[in-house]
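Engineer: Structure, please.
(one chain, ligands or ions: 2)
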Amino acid sequence: MASVEWRGIPTVLYPQEILDKAFGRARNLADLVEDPDKYHRVRKQMNRMVQSASDVIAKTLTSYVGRWPSLNALTEFDRALVDAAVGCDEYRRNLAALQWAAEQSHRIAGEAQRKILRLRDIDGFHKARRHAYGRLSSIIDQISPQVLWLGEARNALRKLPAIDPTEPCIVVAGSPNVGKSALISALSSGEPEVASYPFTTKQLHLGHFVHRRRSYQMVDTPGLLDRPMAERNPIEMQAIAALEHLGDALVFLVDLSQSSTTPVSEQENLLGEVRELISERPIIVVSSKSDLLESTAGSDEMRISAETGEGLEELRAQLIEIIAADEILDPLKLPENWPRNDEKHGRIA
Ligand SMILES: Nc1nc2c(ncn2[C@@H]2O[C@H](COP(=O)(O)OP(=O)(O)OP(=O)(O)O)[C@@H](O)[C@H]2O)c(=O)[nH]1
Ligand SMILES: [Mg+2]
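Structural biologist: Numbering: from 1, shown residues only. Ligands and ions are numbered 1, 2, ... in the order given. Now for the predicted structure:
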């Protein structure tokens, strides 16, 4: 599973644009038909118009269905994001409606062509073509709300963070204003990307650094893991639960400096809650803004400063060590207690 390229989701045309594209292309193709005999020419033209209009409609619609990520293939975290951003049920339902319309469009073309085959007059050919166009238009009309929904959903989905589940990921949590985003910027090679969580107006930062060819992703959690869980709605809890599966490690920042906007006791309560929620992953508690701290404050924890760079390389090294993504397993080493052939023969391995 590679990361979902939310930004790659194609533009969705307006319903009228889909029809204009289909009928425009059909007209151009009809103009190319050459036959000196008017009867045969018109018959071929009408056939071709119906066929290509229906093809363009069906192809346009199925290309949307095909290029939108399949929910079943998404990670739990990505699915939680989609659910919060636009709703998974609606997402499925609306894409299914497009699939249905594409099939209807093929059916309409088939029926019209069979009719044209039976007809024997030029006027009838024209009528059959007009009738088919009317039916195609009405199919597009019928799915117009779904098409418009997808156009808007695309705009919401494009802003979601794209996290690659095959690479390590570090989640950075802590109360508001403790320096989460600053830490990600300081550890990142290059500028962090800015994306959004659908539950908050705050922008999250997505940075990465490379170590032994692995890309370590870092994502912060503004609006997610920064206030008491009792204040959460179910959809936020779903995203928080999904964080458990996303992160290989969690860095919890506490701000013990004067510039802190959340009392230390509240930050500690939050840490307790996060520990309960993220029980399966290692949590590193780090004291931030060390440049603003008295020398003794926060001496229990690792201290870092995004400002001066103090402690950053130590933190990076610790993250790499606990994630152990680059641990090379000896492919020739057998698991313990593995029955070995040569033991059967009483030889010492
Ligand atoms: N002196 C000093 N200031 C820092 C440090 N890290 C962050 N700050 C400042 O603290 C403030 C908050 O930093 P952010 O990185 O935005 O904090 P955050 O946790 O991402 O905040 P939210 O996203 O609002 O929850 C900013 O004004 C930073 O400049 C640091 O190491 N030293
Ligand atoms: Mg931030």
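Engineer: Most proximal residue of the protein with respect to ligand 2?
Structural biologist: In the chain, the residue found nearest to ligand 2 is S181; the distance is 3.2 Å by C-beta to the ion. Backbone N, C-alpha and C define where each C-beta goes, glycine included.
Engineer: for ligand 1, what are the nearby residues on the protein?
Structural biologist: 174, 176-182, 202, 220, 222, 226, 288-289, 291-292, 305-307 (C-beta under 6 Å from any ligand atom).
Engineer: Mind checking which of those land in helices?
Structural biologist: Counting by DSSP state H, the residues of the chain next to ligand 1 place 180-182 in helices.
Engineer: Could you save those as CSV and add columns showing neighbour count?
Structural biologist: Output for those, formatted as CSV (neighbours: other C-beta atoms under 10 Å):
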residue, neighbour count
K180, 29
S181, 20
A182, 19
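Engineer: With pLDDT as extra columns, can I get the residues you listed in TSV?
Structural biologist: As requested, those are arranged in TSV below (pLDDT from 0 to 100):
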residue	pLDDT
K180	95
S181	95
A182	96
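Engineer: where do the helices sit along the stretch 51-200 of the chain?
Structural biologist: Under the criterion DSSP state H, counting those that start in this stretch, the stretch 51-200 of the chain carries helices at the ranges 76-85, 88-118, 122-142, 144-157, 180-187.
Engineer: Isn't V194 up against Q203?
Structural biologist: Yes. Under the criterion of C-beta atoms under 8 Å, V194 lies in contact with Q203, with a separation of 4.9 Å.
Engineer: So which of these two has more stuff around it?
Structural biologist: Taking V194 and Q203 together and counting by other C-beta atoms under 10 Å, Q203 has the greater number of neighbours (17 against 12).
Engineer: got a list of what the more buried one touches?
Structural biologist: The neighbours of Q203, taking C-beta atoms under 8 Å, 6 or more residues apart in numbering as the test, are 194-196, 222.
Engineer: and which of the residues you listed is nearest I163?
Structural biologist: The shortest distance between I163 and any of those, using C-beta to C-beta, involves A195 and amounts to 9.3 Å.
Engineer: Beta-bridge partners for the nearest residue to the residue of the chain closest to ligand 2 once chain neighbours are set aside, please?
Structural biologist: Excluding its sequence neighbours, the residue lying closest to S181 (C-beta to C-beta, 6 or more residues apart in numbering) is H205, at 4.7 Å. Applying DSSP bridges to H205 yields these beta-bridge partners: V194.
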